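> Compute the structure for the input listed below.
(4 chains)
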Number of protein chains: 2
Amino acid sequence: MSRRSDHSREEIREMALAAAETIASEQGYTGLSARKVASAIGYTVGTLYLVFDNLDDLILQVNGRTLDHLHAQMVKEQNQHQDARERLLQLGHTYIRFADEDPHRWEMIFEHHLPEDHETPKWFLEKVARMFLLVETGLEPLAKQHSPQEITQAARALWGGVHGICILAVTRKLDVVGVDSVQDLSQSLMDNYLRGFTGH
Amino acid sequence: MSRRSDHSREEIREMALAAAETIASEQGYTGLSARKVASAIGYTVGTLYLVFDNLDDLILQVNGRTLDHLHAQMVKEQNQHQDARERLLQLGHTYIRFADEDPHRWEMIFEHHLPEDHETPKWFLEKVARMFLLVETGLEPLAKQHSPQEITQAARALWGGVHGICILAVTRKLDVVGVDSVQDLSQSLMDNYLRGFTGH
DNA sequence: AAAATAATTGAACATCGTTCATAATGCAAG
DNA sequence: CTTGCATTATGAACGATGTTCAATTATTTT
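Numbering: from 1, shown residues only, chains lettered A, B, ... in the order given. Alright, predicted model coming up:
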């Protein structure tokens, strides 16, 4: 039964991305397959390849959406605070909470790798950079006495630091249990780093 | 040609681990397959399953060896210093240098996941804990005024932090190029954190 | 020399990503 | 209303994956 115009390309694309998101969220990166996505939206494998270059492309799109979602949430929750310091700390909080609430979806951003000869498309790198810029902007008002380069460096260190705690915790390599412990760890990292960086 | 006693179980095991290490190092986690390992040591797939439970088991063994190697290297290079602070900083240095020199082998430790119903064996978790203990022990002399819990917390934050910078750099999500920049970032993280933690 | 035991094989199975000739459908022209 | 064309979707096919296990071969024992 080959249908036509039941759904537009754009609709199929949207359905596939949503289905992939669900599957990845429930079964993790390794549980995601082209056939599963296809059957979840009532189409066959071949159709997916009319809409995406390949599975890597599809996953990259899903990850892009996840980054968008995360970014929006971070902006939103950051804006619930006035104090510059609390705004910055909130970024870490939101990041960790998302990773805890949807670990598979969050992990897929970092577990997925393109084949070595292909380089990550610019639109994706920009989404990553946009996220990092949030930290840099949040740090700025706290570091008026530092040069832009120093602030960039500090933002990288901070984001990397929070991310590292997060990933080691999610993959159970830090011997901590519960989100709260991870939040405490991240808080400790940011607290002490900021105290050192700004000199109180 | 089915041979017998050409190699003992233990020898085959050793050969397979060495071969897997090489393949993983050269082609990365996704380039590693049972058939490749088998043919690299002149046996067939079936033989591997007489020696390992499955591929996950094999990979776990390889990762265990990598952790051993990394741990030994960190201990060795740490002991080139007397000053407690430099000893601690050296740990981060060595960690990052190893990740840079053999990224595939290092990444595999963190990319590999057991199926969700299986939990990581204790012997592996102990190797991870042993690595973390190195940081904790290195931190101790610098934090005499802190409680053991605080030191443990700080060690987790520090290791997580360095690891995060490292993984984001290796997967090109930090927009930095060259090992030296990563070393600088890590150094900045530790410097400022320690300044905050110890109060100069 | 024959029988028992142990070691190794490799074909078989289900699943994977990917391709593409084929079939089915909707639409426009006659 | 039929015919033909262009579009859309299919699913069988290919090579690769992890894993199993009856069958085969080599060694040891009787």
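
> what is the rounded mean pLDDT of stretch A:52-65?
Stretch A:52-65 shows a mean pLDDT of 98.

> close to chain B, is that stretch?
No. Counting by Cβ under 8 Å from any Cβ of the partner chain, chain B has no neighbours in stretch A:52-65; the shortest distance is 11.3 Å. For glycine as for every other residue, the C-beta is placed from the backbone atoms N, C-alpha and C.

> quick one: buried residues of that stretch?
A:52, A:55, A:58-65 (16 or more other Cβ atoms under 10 Å in any protein chain shown).

> Can you list the residue ranges for helices in chain A?
A:9-27, A:34-40, A:45-51, A:55-78, A:84-101, A:103-111, A:122-139, A:148-170, A:179-198 (DSSP state H).

> What is the end-to-end distance of stretch A:49-61?
Its first and final residues considered, stretch A:49-61 spans 14 Å by Cα to Cα, to the nearest Å.

> hmm, back to that, ok, the buried residues of stretch A:52-65 vs residue B:87, which is closest?
residue A:63 (39.1 Å; Cβ to Cβ).

> Run through the residues that contact the closest one.
For residue A:63, the contacting residues are A:108-109, A:112, A:124, by Cβ atoms under 8 Å, 6 or more residues apart in numbering or on different chains.

> now do residue A:114
A:56, A:60, A:120.

> Same check on residue A:13?
Taking Cβ under 8 Å, 6+ apart as the test, what residue A:13 contacts is A:51-52.

> Tell me how many other residues crowd the residue in chain A that DNA strand D sits nearest to.
With Cβ to the nearest atom of the strand, the shortest gap between chain A and DNA strand D falls at residue A:46, namely 2.1 Å. Using other Cβ atoms under 10 Å in any protein chain shown, residue A:46 has 9 other residues around it.

> For residue B:181, see how far away residue A:127 is.
22 Å (Cβ to Cβ, to the nearest Å).

> Equivalent analysis for residue A:112, please.
In terms of Cβ to Cβ, residue A:112 sits 24 Å off from residue B:181.

> In chain A, where is pLDDT below threshold?
Within chain A, the set of residues satisfying pLDDT under 70 comprises A:1-5.

> so what's the residue positioned nearest the centre of it closest to, chain neighbours aside?
A centroid search over chain A (Cα atoms, centre = their mean) returns residue A:67, at 4.2 Å, as the residue closest to the centre. Counting by Cβ to Cβ, 6 or more residues apart in numbering or on different chains, residue A:67 lies nearest to residue A:127, which is 4.3 Å off, once chain neighbours are set aside.

> Tally up the residues packed near the residue in chain A that chain B sits nearest to, please.
As assessed by Cβ to the nearest Cβ, chain B sits closest to residue A:164 within chain A, at 2.1 Å. For residue A:164, the neighbour count with other Cβ under 10 Å is 26.

> What residues does it make contact with?
The neighbours of residue A:164, taking Cβ under 8 Å, 6+ apart as the test, are B:159-167.

> now residue A:28
A:104, A:107-108, B:113, B:116.

> switch to 10 Å and redo it
With contact taken as Cβ atoms under 10 Å, 6 or more residues apart in numbering or on different chains, residue A:28 is in contact with A:103-105, A:107-108, A:111, B:113, B:115-116.

> Could you dump the helices of chain A into JSON lines with distance to residue B:86 added?
Converted to JSON lines, the helices of chain A look like this (distance: least, Cβ to Cβ, whole Å):
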{"stretch": "helix A:9-27", "distance to residue B:86": "44"}
{"stretch": "helix A:34-40", "distance to residue B:86": "52"}
{"stretch": "helix A:45-51", "distance to residue B:86": "55"}
{"stretch": "helix A:55-78", "distance to residue B:86": "37"}
{"stretch": "helix A:84-101", "distance to residue B:86": "29"}
{"stretch": "helix A:103-111", "distance to residue B:86": "32"}
{"stretch": "helix A:122-139", "distance to residue B:86": "28"}
{"stretch": "helix A:148-170", "distance to residue B:86": "19"}
{"stretch": "helix A:179-198", "distance to residue B:86": "17"}
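
> do you know which of these lies nearest residue B:20?
Across these, residue B:20 has its closest neighbour in helix A:103-111 (20.1 Å, Cβ to Cβ).

> what about that closest one and chain B, any contact?
Yes. Against chain B, helix A:103-111 shows contacts by Cβ under 10 Å from any Cβ of the partner chain at A:104, A:107, A:109-111.
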